[in-house]
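Asks: I'll drop the sequence and a predicted model, then ask my questions.
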Amino acid sequence: MSMGIDSLPAIRQTLKRVQETYYLDYDWPNLVIDRDEDLIAGERFYTFNSDVNFDRIFAAWVRDGDMWIKMDYGIDPEHYNSSDPDLLQNEPVPTRWSYYEDNQFEVWPTPSQAGRMRFRCVKALPPLVADTDTCILDPNLLILTVAAEMLARSRSEDAQLKLSLANNHYQRLKGRLQKTRMFEMGKTPYASTKPRNWTIRVPRK
């Protein structure tokens, strides 16, 4: 009993690491979400919704009247030449967006009226530390992988079997989810809609 209790911190840490590894390894269709951000008149900088993983945004739209308009990614100096927020220049609806600093993003032109913007992304990974935390990936996948690691450390003959079960289960999950990927009419699958000039940012600690 005491040996089991003493091993709990290591098990928790391994579960956390394994979930993070699988989360980053694949764009899970069942975790793709849409999250709206309210735009404020005269405001160019905003903070991402807590559910938004800003490293894995596929696309962004802005509401223009009764229609959603696709926004382009990237704000360069030439854009400020035509509408400069530092000179209090603005337009009714922004057409571009870009990462800013930390957990923020910028829109251009600065909106002259309240509005709404929508991001499509992989949902941010919640913590898996406390006993009350819930994993968002398949629990059997995590348990099999952690079991394989722990058995390998103890040089158990079952380690390879558990690892094989984990790998097979992972491939089955991906195969099943790939059949249900979301499509837009006339568009390519969401996984290929990352903004132009896309660069992967290092996740915040």
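Replies: That came in fine, so what should we check first? Residues are numbered from 1 along each chain as shown.

Asks: let me see the ranges of the helices in the chain.
Replies: In the chain, helices defined by DSSP state H lie at 2-25, 77-82, 139-153, 159-178, listed in chain order.

Asks: of those, which stretch is the most buried?
Replies: For the helices of the chain, the largest average neighbour count (mean count of other CB atoms under 10 Å) is found in helix 139-153, namely a mean of 17. C-beta: built from backbone N, CA, C; applies to glycine.

Asks: how far off helix 2-25 does that one point, in degrees?
Replies: Inter-element angle recorded for helix 139-153 and helix 2-25: 120 degrees (by axes from the mean of the first three to the mean of the last three CA atoms, to 10 degrees).

Asks: mind checking the pLDDT average for helix 139-153?
Replies: Mean pLDDT, helix 139-153: 91.

Asks: got the CA coordinates for stretch 109-127 in CSV?
Replies: Output in CSV follows, covering the C-alpha atoms of stretch 109-127 (Å, rounded to 0.1, in the frame of the first residue of the first chain):
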residue,chain,number,x,y,z
PRO,A,109,-8.2,47.9,-39.3
THR,A,110,-9.3,48.9,-35.9
PRO,A,111,-13.1,48.5,-35.8
SER,A,112,-15.2,51.7,-35.5
GLN,A,113,-18.1,49.8,-34.1
ALA,A,114,-18.7,46.8,-31.8
GLY,A,115,-18.6,43.4,-33.6
ARG,A,116,-17.7,39.8,-33.3
MET,A,117,-14.8,37.6,-34.4
ARG,A,118,-14.6,33.8,-34.5
PHE,A,119,-11.7,31.4,-34.2
ARG,A,120,-11.6,27.8,-35.2
CYS,A,121,-8.9,25.9,-33.3
VAL,A,122,-8.0,22.8,-31.3
LYS,A,123,-9.3,23.3,-27.8
ALA,A,124,-6.6,24.3,-25.3
LEU,A,125,-5.4,21.4,-23.2
PRO,A,126,-6.6,21.6,-19.6
PRO,A,127,-4.3,20.6,-16.8
